[in-house]
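1. Just need the structure, nothing else, for what follows:
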Amino acid sequence: MRTVNEIVPSVSVIICTNLIDTYFYRALKSIQDQSYKNLEIIIVFNGNNDESFSAFQNTVTDPRISVIKANISGVTFSRNLGLHLSRAPLIAVMDADDIAYPERISEQVKFLDTNTEVDLCGTSYYLIDQNDTKIQLVNLPTANQEIRNSLYFQNPICHPSVIYRRNVIASMGGYASKYGEDYDLWLRLLEDEKIVFANLSKPLLGYRIPVVSQARRSRRVYIEVAGAQFRRFFLTLNPIWAIGGILSNLKALIRAKKN
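-> Numbering: from 1, shown residues only. Model prediction:
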């Protein structure tokens with residue numbers, strides 16, 4: 001089902017999920033309750049449970065919501081499908097298990113409208129538990145060069161907190177990697193010196209711990225990140241990328257979950 005409003009939105013929020021659960025409903029509600037209202041919400045469901053999908057689809061009453069069923073599994077395809085179907089010049093990423101605080105989109109749109117040279121804007125965030133309780137504040141580098149320098153060794157951009165300019169990401173071909181797709185995209189953007197990154201210091205997202213301890217710390221993700229870093233090393237011959245790749249492989253062995 002795809003509903004199209006007559007008013008063209010300023011922001012398209014893309015939520016990809018393979019599970020309709022309590023976390024998903026909380027994530028969706030946090031977007032619906034944003035103080036910024038001129039947005040469309042594109043939900044791409046790539047799960048196999050047609051009954052769950054149909055039950056959710058039949059409950060949708062918010063005209064800003066479009067629901068798409070993707071028969072190809074994998075979040076990379078789903079993100080690109082959502083990007084392809086989006087109508088707004090700004091794209092807000094949202095994961096199906098996190099919480100966007102009420103001023104998130106408003107603050108980021110205001111920042112991007114004021115700083116027209118910035119192509120991608122993330123935010124600091126709180127780690128939250130299964131009850132949405134804030135556990136820890138995570139601050140991220142805010143300036144473009146700080147973010148670029150941090151990309152050698154880690155991902156300094158919280159993907160589900162990001163808003164980016166659609167035309168910039170589309171011109172890069174969207175998402176490509178099966179795992180660690182956000183870091184792979186940042187590294188491709190990094191190649192263009194004209195691309196400007198930014199993070200807001202204000203925490204505008206709740207990033208859920210139970211998921212961090214599973215999918216977000218899977219061994220496959222760390223290995224994909226290491227692969228991206230080694231590719232950058234062979235392209236640039238900058239030894240810092242090789243060091244970053246070695247560290248990511250060590251994380252895969254020491255810190256990550258097996259799957």
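2. A strand includes residue 44, no?
-> Yes: according to DSSP: H, G, I helix; E, B strand; the rest coil, residue 44 belongs to a strand.
3. At which residues are the helices of the stretch 51-200 of the chain located?
-> 75-85, 104-114, 144-150, 166-171, 181-190 (DSSP state H, counting those that start in this stretch).
4. Quick one: low-confidence residue ranges for the stretch 101-250 of the chain.
-> Applying pLDDT under 70 to the stretch 101-250 of the chain flags residues 210-218, 220.
5. re the thing from before, so which of the helices of the stretch 51-200 of the chain gets nearest residue 156?
-> helix 144-150 (3.7 Å; CB to CB). Just so you know, the C-beta spots here come from the backbone N, C-alpha and C atoms, and that holds for glycine as well.
6. Which of the helices of the stretch 51-200 of the chain sits closest to residue 35?
-> With CB to CB as the yardstick, what comes closest out of those is helix 104-114 (4.9 Å).
7. which residues are in contact with that closest one?
-> Residues from elsewhere that reach helix 104-114 (CB atoms under 8 Å, 6 or more residues apart in numbering): 10-11, 13, 31, 34-36, 39, 90, 92, 118, 121, 123, 161, 163, 165, 198, 200, 202, 204-205.
8. Now distance to residue 47 too, for the helices of the stretch 51-200 of the chain, in CSV please.
-> Conversion of the helices of the stretch 51-200 of the chain to CSV gives the following (distance: least, CB to CB, whole Å):
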stretch, distance to residue 47
helix 75-85, 10
helix 104-114, 26
helix 144-150, 33
helix 166-171, 25
helix 181-190, 18
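9. Could you provide those helices in TSV, with additional columns for mean neighbour count and distance to residue 128?
-> TSV is the format used below for the helices of the stretch 51-200 of the chain (neighbours: other CB atoms under 10 Å; distance: least, CB to CB, whole Å):
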stretch	mean neighbour count	distance to residue 128
helix 75-85	19	21
helix 104-114	18	14
helix 144-150	16	23
helix 166-171	15	27
helix 181-190	21	19
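10. Dig out what the closest residue in space to residue 166 that isn't next to it in sequence forms beta bridges with.
-> Among residues not flanking residue 166 along the chain, residue 91 sits closest, at 5.0 Å (CB to CB, 6 or more residues apart in numbering). Taking DSSP bridges as the rule, residue 91 bridges to residue 12, residue 164.
11. mind listing what residue 91 touches?
-> Applying CB under 8 Å, 6+ apart, the residues near residue 91 are 11-14, 83, 163-166, 169.
12. Got the domain ranges for this structure?
-> 11-208, 218-259 (automatic domain parsing).
13. Who are the packing partners of the host helix or strand of residue 205?
-> Residue 205 is part of strand 197-208 when elements are defined by DSSP states H and E. Applying 3 or more CB pairs under 8 Å, 6 or more residues apart in numbering; DSSP states H and E, one finds that strand 197-208 contacts strand 99-100, helix 104-114, strand 120-128, strand 134-138, helix 144-150.
14. Am I right that residue 32 is in contact with residue 40?
-> No: the pair residue 32 / residue 40 is not scored as a contact, 11.6 Å apart, by CB atoms under 8 Å.
15. Per-residue pLDDT of residue 1, please?
-> Reported pLDDT at residue 1 in the predicted model: 53.
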